[in-house]
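# here is my input; please provide its structure:
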Amino acid sequence: MDLPRVYRLSPRRRAILYGSWALLGLPLLVGGMVTGEPGLLVGGVLVSAVMLPLLLWVDFAAKLIVSADGIETRQVGARLQSSWANVAGLRLVPGSEGFVLREPMSGSGPQRFAGASQVRFQGAALYDDVRLQLISERRFIPIEAFAYWWTRGDLRAAIARAAPDLEARTDPSGGPVPGTSGPEGMSKARIWLLVLFIAVLIGIGVGVNFLPPDARRVTFRVLLVPVGLAFAVLAGRNFLAAIRLLGARRWGGGALWFCLALVQVGIVLAILGELFGSGPKP
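Next comes the predicted model:
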């Protein structure tokens with residue numbers, strides 16, 4: 001096996017990443033196309049025009065690089081790297097995999113990452129207490145976004161080739177980070193519920209198109225009310241998330257959430273215009 005080896009995000013992570021667009025943008029596009037309502041179509045185009053380039057940026061920026069010299073992860077706004085000699089052990093708790101280091105990493109990337117790790121979304125921490133401590137000490141390189149390739153690819157073999165002695169310091173129950181368990185990932189049931197919810201939204205958009213014109217207009221306006229409220233709540237939460245991320249100097253993540261919030265505000269304004277800005281159609 002030749003080194004270095006470069007690993008991208010796991011298929012599941014990519015599905016969740018682009019699923020956020022499918023949840024917000026795709027139903028609007030489909031609903032707008034099948035119903036002919038300009039508000040939905042414009043909203044879908046705006047969401048897609050902003051979200052898809054940012055999601056592609058996040059996707060292609062994320063890399064795990066295994067080389068003979070050491071380990072490196074790259075993501076929007078942060079680059080973490082260490083030599084193999086500085087790796088104390090490998091944590092393999094599902095959902096919280098990562099390398100524990102002996103000495104702190106240097107550079108602005110680890111500092112920005114340490115600041116961003118303190119950000120909470122809706123009161124929930126991104127990492128458990130032990131990992132937060134290690135991250136604040138700049139002694140942890142998380143690889144949970146790439147751990148899929150440990151069991152489904154050649155990541156394990158690549159690490160074994162680059163650092164043969166690391167296997168002895170690897171413990172699937174937690175390794176050198178004692179007393180913690182990995183966070184619960186999204187269960188299969190929740191993933192299927194999300195897929196079902198998106199399918200229902202698309203089905204409603206298609207079904208409304210077969211109603212008589214008057215009933216279609218009334219149904220469309222009734223459906224716009226909860227959609228507008230949902231986007232207003234999401235916009236507020238995303239603005240707060242953007243402020244927290246920008247305060248932690250996570251410029252890429254902050255810009256992503258800020259742009260998403262702006263799009264959601266635009267959708268709310270478009271919905272309000274559709275509800276109150278046009279008179280009855282003949």
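
# okay, and for the stretch 151-282 of the chain, where does confidence drop off?
169-192, 194-195, 197-199, 201-202, 205-206, 208-209, 248-253, 256, 274, 277-282 (pLDDT under 70).

# determine the longest helix present in this protein.
helix 213-247 (DSSP state H).

# next one: that helix to chain centre, how far?
20 Å (CA atoms, centre = their mean, to the nearest Å).

# buried sites along that helix?
Of all the residues in helix 213-247, those buried under the rule 16 or more other CB atoms under 10 Å are 216-217, 219-220, 223-224, 227-228, 231-232, 234-235, 238-239, 241-242, 244-245. C-betas here are computed from N, CA, C, even on glycine.

# what's the answer for stretch 83-90, then?
84, 86-90.

# dump these into a markdown table; add pLDDT as well.
Putting the buried residues of stretch 83-90 into a markdown table (pLDDT from 0 to 100) gives the following:
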| residue | pLDDT |
| --- | --- |
| Trp84 | 94 |
| Asn86 | 93 |
| Val87 | 92 |
| Ala88 | 89 |
| Gly89 | 87 |
| Leu90 | 88 |
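
# pick the one among those residues closest to Ala168.
Ranked by distance to Ala168 (CB to CB), the buried residues of stretch 83-90 are led by Gly89 at 9.1 Å.

# can you check my assumption that that closest one lies in a strand?
Yes: checked against DSSP: H, G, I helix; E, B strand; the rest coil, Gly89 lies within a strand.

# if I read this right, it contacts Val100, doesn't it?
Yes: look at Gly89 against Val100 with CB atoms under 8 Å: they come within range, at 5.0 Å.

# element containing Gln133?
helix 129-136 (DSSP states H and E).

# enumerate every residue touching Leu211.
Thr219 (CB atoms under 8 Å, 6 or more residues apart in numbering).

# now swap in the one 3 residues further on and tell me
Taking CB under 8 Å, 6+ apart as the definition of contact, Asp214 has no neighbours.

# and it, how far from Arg221?
Asp214 is 11 Å from Arg221, where distance means CB to CB, to the nearest Å.

# show me whatever sits in contact with both of those two.
With CB under 8 Å, 6+ apart as the test, Asp214 and Arg221 reach no residue in common.

# so how far is Leu223 from Ile204?
Ile204 is 7 Å from Leu223, by CB to CB.

# please produce a markdown table containing the buried residues of stretch 83-90, extended by distance to Met51.
A markdown table is the format used below for the buried residues of stretch 83-90 (distance: CB to CB, whole Å):
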| residue | distance to Met51 |
| --- | --- |
| Trp84 | 38 |
| Asn86 | 38 |
| Val87 | 36 |
| Ala88 | 39 |
| Gly89 | 38 |
| Leu90 | 34 |
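
# nearest to Gly19, of the residues you listed?
Within the buried residues of stretch 83-90, the smallest distance to Gly19 is 29.2 Å, found for Leu90 (CB to CB).

# how close does that closest one sit to Leu166?
Taking CB to CB, one finds Leu90 at 6 Å from Leu166.

# residues shared between the contacts of those two?
Between them, Leu90 and Leu166 share the contacting residues Ile159, judged by CB under 8 Å, 6+ apart.

# show me where the stretch 51-200 of the chain has its helices.
108-116, 129-136, 148-152, 155-162, 188-208 (DSSP state H, counting those that start in this stretch).

# in the shortest one, what counts as buried?
Of the residues in helix 148-152, those scored as buried under the neighbour-count criterion (16+ other CB under 10 Å) are 148-150.

# residues contacting it, please?
With contact meaning CB under 8 Å, 6+ apart, helix 148-152 is reached by 7, 10-13, 64, 92, 97, 155-156.

# kind regards, and thank you for your time.
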